[in-house]
Every structure is written in structure tokens, then in C-alpha cells.
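Visitor: Generate coordinates for the sequence data below:
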Amino acid sequence: QVQLIESGGGAVQAGGSMRLSCTASGRTFSYYAMGWFRQPPGKDREFVASIRRSGGSTNYADSVKGRFAISRHRNLDTVYLQMNDLRPEDTAVYYCAMHHVGAESYGSWGQGMQVTVSS
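Guide: Numbers count the residues shown, from 1 in each chain. This next block holds a predicted model:
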């Protein structure tokens, strides 16, 4: 079983920056990738960014390319999301997630944290 603990959310003004962190504990050796998702108010949850455990390749949603950067600690169990040039439309609940090896999709989720960007 895996636990994902997120930190770093809060409020910021447009144009500002924020870094989110997610630390995994438990059976973390068998994950394929870790990712960040978000759910804006009144909308469905959407993909933001991901990073593979092996090789560290990354993937981003078009809406955040060039502004957000996902990275990981060398222990591979902590991932970060550096968010720059934040916009009001980035306001959402952000979730960390883990895609386990052999699974079709992300199966472990953090509790979510609010990020609010004011104009």
C-alpha cells in the first residue's frame, strides 16, 4: 500500500510562483510514474504533469508547458511541481498520484490541496 503526502499549496497572486511537493511511502519501488493532476472549480480533474521512475522522462499538459516543471528527489520517492507565472485559471485542487507498474492508470492518490491564484 502507498501513501502520498502533499504539501505546498496556498494562495498566490497572478504572475507568482509556488512549489508543490509529494512524498510517497510504502510500496514505492514498484511504481511506473508519478504525476500531478488538478481539479478546477466546477470542472473535471485533469492531467498536469508526470515523471517516469526509470529515466525521469516528463510529460506536461499543453496549458502548463513552459510554466510548470516536474522533478524528483534523488531518492525517487518525492516529486515536486514548480509552478511559475501562475494564472487565475490555474486555481484548482492539486493532487499527486502514482501509476503502479502493471496498472492501466494512476491508482494511488494524495488527499489534494488547494492552490488559489488571484488576479
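
Visitor: thought residue 7 was touching residue 21?
Guide: Yes: using Cβ atoms under 8 Å, residue 7 is in contact with residue 21, at 5.0 Å. The way it works is simple: take the backbone N, C-alpha and C, and place the C-beta from them, glycine included.

Visitor: which secondary structure elements does the strand or helix carrying residue 32 contact?
Guide: Secondary-structure element containing residue 32, defined by DSSP states H and E: strand 31-39. Contacting strand 31-39 under the criterion 3 or more Cβ pairs under 8 Å, 6 or more residues apart in numbering; DSSP states H and E are the following elements: strand 18-26, strand 46-52, strand 68-72, strand 78-83, strand 92-100.

Visitor: The second one versus strand 92-100: what angle between them?
Guide: Which is strand 46-52. 40 degrees (axes from the mean of the first three to the mean of the last three Cα atoms, to 10 degrees).

Visitor: neighbouring contacts of strand 46-52?
Guide: Residues outside strand 46-52 that contact it (Cβ atoms under 8 Å, 6 or more residues apart in numbering) are 32-40, 57-61, 64, 68-72, 79, 81, 94, 99.
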